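**Student:** with the input below, show me the fold.
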Amino acid sequence: MEMKRIMAAGMVFCMGIQLFCACGKEQPDIEDKVYLGVAYYDQSDTFLNSLIACLKDEIQDYEEKGYETAMLIRGAGGSQRTQNDQVQELVDAGCNVLCVNLVDRANPSEIIDLARENDVPVIFFNREPVTEDLMQWDRLYYVGAFAEQSGTMQGELAVELIEADSGVDRNRDGKIQYVVLEGEAGHQDAIIRTENAVDTLKSNDIEVEKLSYGIANWNRAQAQNQMLQMISQHQNKIELVLANNDDMALGAVDAYEKLNYTESALPVFLGIDGTDVGLEAVRDLKLAGTVYNDKEGQASAMLKLSVALVTGDGMDKIGFEKERYIYLPYFKVTQSKAEELLKRKNP
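**Tutor:** Model (predicted):
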């Protein structure tokens, strides 16, 4: 009996110590806990993997500020049906905000319905849904960048290179023969990037001739195969390669390297996104330039908005466009800028 009293007294003492510690350190309320569910279209995408790595860094920073956070990540392997199931899984796991990079930007209705039924806000990112879909519910948002700007800047890079070096026009016919490596068939961003790049060349009085194009699905290996086919058709006629992202630009470089082309016979290669591997290629002059897609800024905006949606604090400090959209600007990168950016990452 005496032993039981001693044990009971010990339990009370321990509970008292725990209560004292809890009072001494402010504990986050349950609504302050951010459980982030991230679903993205394909886990093989270089840019998105980098963006999600930035998001992990942001979460670590928030945890150091006293927020309790957790993140579950799912890649859909290019299947919208798979992504729909994954979003259901994330909701069932207790995620209280969703960040979704759609497989099919024109088909978000099932995800929206699921989120609305469970009152879980959605931040779409990188692949912008059509406006009508984003207006289906007042807890839907988008974080990304203007596709038009990336295409225009890629075109500006091409103009600057052509005006600075008459040797880009290797056959001296007064025209720039070019090919395009596009991200996806019918994908809005891919179409816009290509159209704006070419329109910028034309608006700057650069006469161009399109020789061919290939759909490479944002993928380096597919781009290499597409480029090998275009080289076999056009041989040394290709003077400029416009790729919708860095991986495809590098796939084009791989094709020429596989065929052992000399440097003097290479066209100008331009990418978009400013991935680490893309920046290294610009630094090493394998790519003439790229357009930086601000993954760090997008990750920061996504987490800041996620925290505001969960806690109800800070929405008034977020710079929305049209109340639902957050856009981060692109910027142009040539060799010196690539060196600067890489030094920042690896000081």
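
**Student:** which residue is nearest the middle of this protein?
**Tutor:** Leu48 (4.4 Å; Cα atoms, centre = their mean).

**Student:** against Glu296, how distant is that one?
**Tutor:** 14 Å (Cβ to Cβ, to the nearest Å). Glycine gets a C-beta too; all of them are placed from N, C-alpha and C.

**Student:** next: Tyr67.
**Tutor:** In terms of Cβ to Cβ, Tyr67 sits 19 Å off from Glu296.

**Student:** ok, Asn217 next?
**Tutor:** From Asn217 to Glu296 the distance is 25 Å (Cβ to Cβ).

**Student:** the more surrounded of these two?
**Tutor:** Asn217 (22 against 18; other Cβ atoms under 10 Å).

**Student:** could you find the closest non-adjacent residue to the more buried one?
**Tutor:** The shortest distance from Asn217 to any non-neighbouring residue, by Cβ to Cβ, 6 or more residues apart in numbering, is to Glu184 (5.7 Å).

**Student:** for Thr290, same thing?
**Tutor:** Gly271 (4.3 Å).

**Student:** do the same with Ala115
**Tutor:** Leaving aside its sequence neighbours, Ala115 sits nearest to Val122 (Cβ to Cβ, 6+ apart; 4.8 Å).

**Student:** show me what contacts the residue nearest to Thr290?
**Tutor:** Taking Cβ atoms under 8 Å, 6 or more residues apart in numbering, we find Gly271 in contact with 154, 243, 245-250, 278, 281, 287, 289-291.

**Student:** show me those residues that map onto strands.
**Tutor:** Ala243, Thr290, Val291 (DSSP state E).

**Student:** and whichever strand or helix holds Gln86, what other elements does it pack with?
**Tutor:** In the assignment (DSSP states H and E), Gln86 maps to helix 80-92. Contacts defined by 3 or more Cβ pairs under 8 Å, 6 or more residues apart in numbering; DSSP states H and E place helix 80-92 against strand 34-40, strand 69-75, strand 97-100, helix 109-117.

**Student:** the ones you listed into CSV, with extra columns for mean pLDDT?
**Tutor:** Formatted as CSV, the helices and strands packed on helix 80-92 follow (pLDDT from 0 to 100):
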stretch, mean pLDDT
strand 34-40, 97
strand 69-75, 96
strand 97-100, 98
helix 109-117, 97
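
**Student:** ok so, going back, now do the SS call for the residue nearest to the centre of the chain.
**Tutor:** helix (DSSP: H, G, I helix; E, B strand; the rest coil).

**Student:** from Gly144, how far off is it?
**Tutor:** 12 Å.

**Student:** over to Asn219?
**Tutor:** Using Cβ to Cβ, we find Asn219 at a distance of 20 Å from Gly144.

**Student:** from Cys54, how far out is Ile73?
**Tutor:** For Ile73, the distance to Cys54 - Cβ to Cβ - is 13 Å.

**Student:** which one's more surrounded, those two?
**Tutor:** Cys54 (19 against 16).

**Student:** isn't the more buried one up against Ala299?
**Tutor:** Yes - contact criterion Cβ atoms under 8 Å: Cys54 and Ala299 qualify, at 3.7 Å.

**Student:** how about low-confidence regions in the stretch 151-300 of the chain?
**Tutor:** For the stretch 151-300 of the chain, no stretch has pLDDT under 70.

**Student:** let me see the ranges of the helices in it.
**Tutor:** Remark: helices assigned in the stretch 151-300 of the chain by DSSP state H, counting those that start in this stretch are 188-203, 220-234, 246-258, 276-283, 295-311.

**Student:** average pLDDT for the helix or strand following the last one?
**Tutor:** By that I understand helix 295-311. Helices and strands here follow DSSP H and E; after helix 295-311, the next one along the chain is strand 325-327. Strand 325-327 shows a mean pLDDT of 98 in the predicted model.

**Student:** distance of Leu211 from Ala190?
**Tutor:** 18 Å.

**Student:** look at those two and report which has more neighbours.
**Tutor:** Ala190 (24 against 16).

**Student:** what residues of stretch 323-334 count as buried?
**Tutor:** Within stretch 323-334, the residues that count as buried by 16 or more other Cβ atoms under 10 Å are Arg324, Tyr325, Ile326, Tyr327, Leu328, Tyr330, Lys332, Val333, Thr334.

**Student:** tell me which of the residues you listed is nearest to Asp165?
**Tutor:** Asp165 lies nearest to Thr334 out of the buried residues of stretch 323-334, by Cβ to Cβ, at 12.7 Å.

**Student:** not counting sequence-adjacent ones, nearest residue to the closest one?
**Tutor:** Using Cβ to Cβ, 6+ apart, the nearest residue to Thr334 is Gly289, at 4.8 Å.

**Student:** cool, Val91 as well?
**Tutor:** Asn118 (5.1 Å).

**Student:** verify the stated contact: that neighbour with Leu90.
**Tutor:** No - between Asn118 and Leu90 there is no contact under Cβ under 8 Å: 10.2 Å.

**Student:** okay, these two: which has more neighbours?
**Tutor:** Leu90 (25 against 13).

**Student:** that one and Leu242, how far apart?
**Tutor:** 37 Å.

**Student:** check Met71 too.
**Tutor:** 35 Å.

**Student:** so for those two, which residue has more residues nearby?
**Tutor:** Remark: of Met71 and Leu242, Leu242 carries more neighbours, 30 against 18, as counted by other Cβ under 10 Å.

**Student:** Glu182 versus the more buried one, what's the distance?
**Tutor:** From Leu242 to Glu182 the distance is 9 Å (Cβ to Cβ).
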